[in-house]
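Engineer: Curious how this folds, go ahead:
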Amino acid sequence: MADHFQLRLVDSHMLASAVRHLVFERVDGQPLAFTPGQFLQIHFHYDDGTATKRSYSVASVGDGSSPVSRIEIAVSYVEGGAATRLLGDLPVGGIVDASGPYGRFCLQATDTHPRYLLLATGTGVTPYRAMLPQIEQLLARGEREVVLLYGARNETELLYGEQFEAFAQTHPGFLFHGCLSREARAVPRPGDRSGHVQNVLAELGPAAERDIAYLCGNPNMVDAAFSALKEFGLPVSQIRREKYISSR
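Structural biologist: Predicted structure coming up:
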């Protein structure tokens, strides 16, 4: 059963023009035990008193074997959104109700395929940030290749992009491709690709005997990539999906 607790905001900053990174600690002082890829729910009430909740993947970088003291999430701006108002206006020291962790969008110990294909758009990249220590361990053992395809309209929307770039530079076997659909970087980088994430898949040559795929973010990308991967021969059991749907 998921735990219910309160979170106190300790820091926040803008990652992009419409995305805020928030850092919380539990009010009770306890760390959060979670598996990278899982999410929390923030509970609150509409102005009319109706209870509601929103789900946010935990972005905290952890190895999954020990709890984290700081709980990080990324929140997208939604015009007129109640959660946007709550979290966007929350001052340092402000408190929200939460529960979790939930979800199974996690790397599986039983996976034996040699390559992970990680696809994301928008804040859908946050689970992969949390997975970086796990990925580092897999690469160190020589057990995997990992490719992250991250779609954005332009470079300013590549959330945590510099962190992924730095990780790729120091970890052979990890490739990061920023897939820019509208505007290339002023100074292009070798990993950059033009177009949507799902359209870059062909370059990687997905194959059933080689790949496990993870898809997270905009439902249109998730559906298109899912169809493309099936056409490449990946069975449904090797394609894991998490759709991010903006709610008011």
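
Engineer: mind listing what's buried in the longest strand belonging to the chain?
Structural biologist: In the chain, ranked by residue count with DSSP state E as the criterion, the top strand is strand 3-16. By neighbour count on 16 or more other CB atoms under 10 Å, the buried set for strand 3-16 is 5, 7-9, 12, 15-16. Where C-beta positions appear, they are placed from N, C-alpha and C, glycine not excepted.

Engineer: And the furthest pair within the residues you listed?
Structural biologist: Within these, Phe5 and Ala16 form the most distant pair, 28.5 Å apart (CB to CB).

Engineer: Now for this protein, the helix or strand with the poorest mean pLDDT.
Structural biologist: strand 193-194 (a mean of 90; mean pLDDT, DSSP states H and E).

Engineer: gap between the two ends of stretch 142-162?
Structural biologist: In stretch 142-162, first residue to last residue: 24 Å (CA to CA, to the nearest Å).

Engineer: sec struct for the residue at the greatest distance from the centre of the chain, please.
Structural biologist: Going by CA atoms, centre = their mean, the residue of the chain most distant from its centre is Asp48, 31.9 Å out. Following DSSP: H, G, I helix; E, B strand; the rest coil, we place Asp48 in the coil state.

Engineer: now the helices: where do they sit in this structure?
Structural biologist: Along the chain, counting by DSSP state H, helices occupy 82-88, 126-140, 161-170, 197-204, 219-231.

Engineer: Now the last one: buried residues?
Structural biologist: By neighbour count, and taking 16+ other CB under 10 Å as the criterion, the buried residues in helix 219-231 are 221-222, 224-226, 228-229.

Engineer: Kindly report the same for the third one.
Structural biologist: The neighbour-count check on helix 161-170 (16+ other CB under 10 Å) flags 161, 164, 167-168 as buried.
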